[in-house]
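A.B. asks: fold the following and give me the result.
(one chain, ligands or ions: 1)
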Amino acid sequence: MTEKEIKIAFTEYSSIEELSKEDKELATAAILAMRGAYAPYSHFHVGAAVRLENGTIVSGANQENAAFPSGLCAERTALFSAGATYPDKAITSIAIAGGVMGRICASPATPCGACRQVMAQYQAKGGKKMSVIMVGGEKIWKFPSVDDVLPLIFDSI
Ligand code: THU
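C.D. replies: Below is the predicted model:
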């Protein structure tokens, strides 16, 4: 028997101003994308922005539906849009921001498991590490790759 351990390393920033120019631009795009949220049920507005390897930024926001499972999270809205519009471009970074009625939460926006799984697959598809930036009003977390937010993904088929 061998005891094993998985460690996650990430960077915490206290302000968007501490981010690199590129990451600040992506985090700002995620915050602005919150405006596109359609959340008449939860009133929780989420914005996501992905950066492609060519520098293009694609944004998305959560879209709810009266038939609840038909709605979609902001992250997958952005990821699927980027995947459909730029199928040959790797996604190198994703930023997420969220808040009630458009007011950003103090703590970083942490993506749901389904969105992490989709991030993992687009990272594998692109063949490049995708950094994950979780944006909050009072702190920001940056993870170097999707592996750090979803270790041991299902990729067996
Ligand atoms: N939501 C996202 O957009 N991303 C996540 O990672 C978690 C949750 C949305 C879905 C729903 O519209 C609202 O937030 C409340 O769950």
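A.B. asks: can you map out the helices along the protein?
C.D. replies: Counting by DSSP state H, the segments of the chain that form helices are 21-33, 74-85, 113-126.
A.B. asks: show residues contacting the shortest one.
C.D. replies: What that stands for is helix 74-85. For helix 74-85, contacts defined as Cβ atoms under 8 Å, 6 or more residues apart in numbering pick out 33-34, 37, 46-50, 52, 58-63, 72, 89, 91, 94, 96, 98, 111-112, 114-115, 118-119, 122, 125. Every C-beta, even on glycine, is put in place using the N, C-alpha and C of the backbone.
A.B. asks: ditto for the last one
C.D. replies: For helix 113-126, contacts defined as Cβ under 8 Å, 6+ apart pick out 53, 73, 75-76, 79-80, 82-83, 89-92, 94, 111, 129-130, 132, 145-147, 149-150, 153-155.
A.B. asks: buried subset of these, written for ChimeraX?
C.D. replies: Buried residues among those (16 or more other Cβ atoms under 10 Å), as a ChimeraX selection:
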select :73,75,76,79,82,83,89,90,91,92,94,111,129,130,132,145,146,147,149,150
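A.B. asks: picking that back up, from the contacts of helix 74-85, list the buried ones, please.
C.D. replies: 33-34, 37, 46-50, 52, 58-63, 72, 89, 91, 94, 96, 98, 111, 115, 118-119, 122.
A.B. asks: and the ligand, which of the residues you listed contact it?
C.D. replies: 46, 62, 111, 115 (Cβ under 6 Å from any ligand atom).
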